[in-house]
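K.L.:
here's a sequence, model it:
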Amino acid sequence: MWEFLHPGPDSKSELIEALAEAEQRELIEPESRHMLEGVLRMAELSAGDVMVAAPRMDLLDIEAPYDEILGVVIDTGHSRFPVFEGQRDNIIGILLAKDFLKLQRAPELNLRTLLRAPVFVPESKGLNELLRDFRSNRNHLAIVIDEFGNTAGLITIEDVLEEIVGEIEDEFDEKNSEAGSVYTLADGSQRVAGDASISAVNEAFDIHLPEAEFDTIGGLVSHEHGHVPRRGEAVEIAGLRFSVMLTRGGAVRWFKVTRASADDA
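P.N.:
Okay, here's the model as predicted:
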């Protein structure tokens, strides 16, 4: 009788509507509703839907000099890197940044001995199953392969979790702080947040970009480029070269900014 008077949802869409109603009635918090909806939608996604595509992967060449590898590790800020030999598609291992630092104290170590075995997953692998694998195997990164066995991209445990909880802030993020939107990197270039205000960028680089039309530097760069640039793409504006370091949720998260004249030289 109770089920007749209060029937439960019969589909995923009805369940999502029920969650929205529960939030309106203050039975659950907005954050809880967001996470529950993320869990429901994640069941429909695969590794191929969330991965970083192969052309935009930050890879390390096993034959590259130490200083070159160190520059990539510092500039990108990742904790794990796929390592290839010969061709980019030939992934031979995963290098942890903390392991790479061991070479500073013991340069006689062979870089190959520091590599960890790569984990390969098909594009069709569901995110639910992938998250279980990440947890049980204690892996944080997997190489995604297509139906022909070629490298299609990579996916991290953070990418999967963000489908549930939303964007995960990293150590470079400082809420409501313009000072936290521009950082100087080891090579003298700057790391600039995509949501940094135009005024903050003007002040940091002593330039005069128009502040009336766009709220953020990401919006201005996207307008100049004609679309939201992807990782690895670059746009030159006002003598500065904005290279995309990281994108999330269809927007640029971080730029690496250098003087265009210095690059040309």
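K.L.:
quick one: buried residues of stretch 198-209?
P.N.:
For stretch 198-209, the neighbour count (16 or more other C-beta atoms under 10 Å) marks 198, 200-202, 204-205, 209 as buried. C-betas here are computed from N, CA, C, even on glycine.
K.L.:
domain ranges for the protein, per the record?
P.N.:
Annotated domains of the chain cover 48-165, 179-264 [automatic domain parsing].
K.L.:
minimum distance to residue 21: which of the ones you listed has it?
P.N.:
Counting by C-beta to C-beta, residue 21 lies closest to domain 48-165 out of those; the figure is 20.9 Å.
K.L.:
how about JSON lines for the domains of the chain, with distance to residue 16 added?
P.N.:
Compiled in JSON lines, those are given as follows (distance: least, C-beta to C-beta, whole Å):
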{"stretch": "domain 48-165", "distance to residue 16": "14"}
{"stretch": "domain 179-264", "distance to residue 16": "19"}
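K.L.:
these: lowest mean pLDDT?
P.N.:
With a mean of 82, domain 179-264 has the lowest mean pLDDT of the domains of the chain.
K.L.:
now do it: distance to the chain's middle.
P.N.:
17 Å (C-alpha atoms, centre = their mean, to the nearest Å).
K.L.:
sorry, back to before: wait, which of the domains of the chain is closest to residue 25?
P.N.:
Closest among the domains of the chain, once you apply C-beta to C-beta, is domain 48-165, at 23.0 Å.
K.L.:
buried residues of stretch 229-236, list them for me.
P.N.:
Those buried within stretch 229-236 under the rule 16+ other C-beta under 10 Å are 229, 231, 233-235.
K.L.:
then stretch 158-166?
P.N.:
159-164.
K.L.:
in helices only, show me those residues.
P.N.:
Taking DSSP state H, the ones among the buried residues of stretch 158-166 that sit in helices are 159-164.
K.L.:
with adjacent residues omitted, what lies nearest to residue 182?
P.N.:
Excluding the flanking residues, the one nearest residue 182 by C-beta to C-beta, 6 or more residues apart in numbering is residue 204, at 4.5 Å.
K.L.:
for the helix or strand harbouring residue 84, buried residues please.
P.N.:
Using DSSP states H and E, residue 84 sits in strand 80-85. Across strand 80-85, burial judged by 16+ other C-beta under 10 Å covers 80-84.
K.L.:
tell me if residue 94 really is in a helix.
P.N.:
No - assigned with DSSP: H, G, I helix; E, B strand; the rest coil, residue 94 falls outside any helix and is strand.
K.L.:
and it, how many neighbours?
P.N.:
Neighbourhood size, residue 94 [other C-beta atoms under 10 Å]: 23.
K.L.:
how close does residue 77 sit to residue 45?
P.N.:
26 Å (C-beta to C-beta, to the nearest Å).
K.L.:
an error on my part: the question was meant for residue 150.
P.N.:
21 Å.
K.L.:
check residue 55 too.
P.N.:
21 Å.
K.L.:
these two - which one has more neighbours?
P.N.:
residue 45 (15 against 10).
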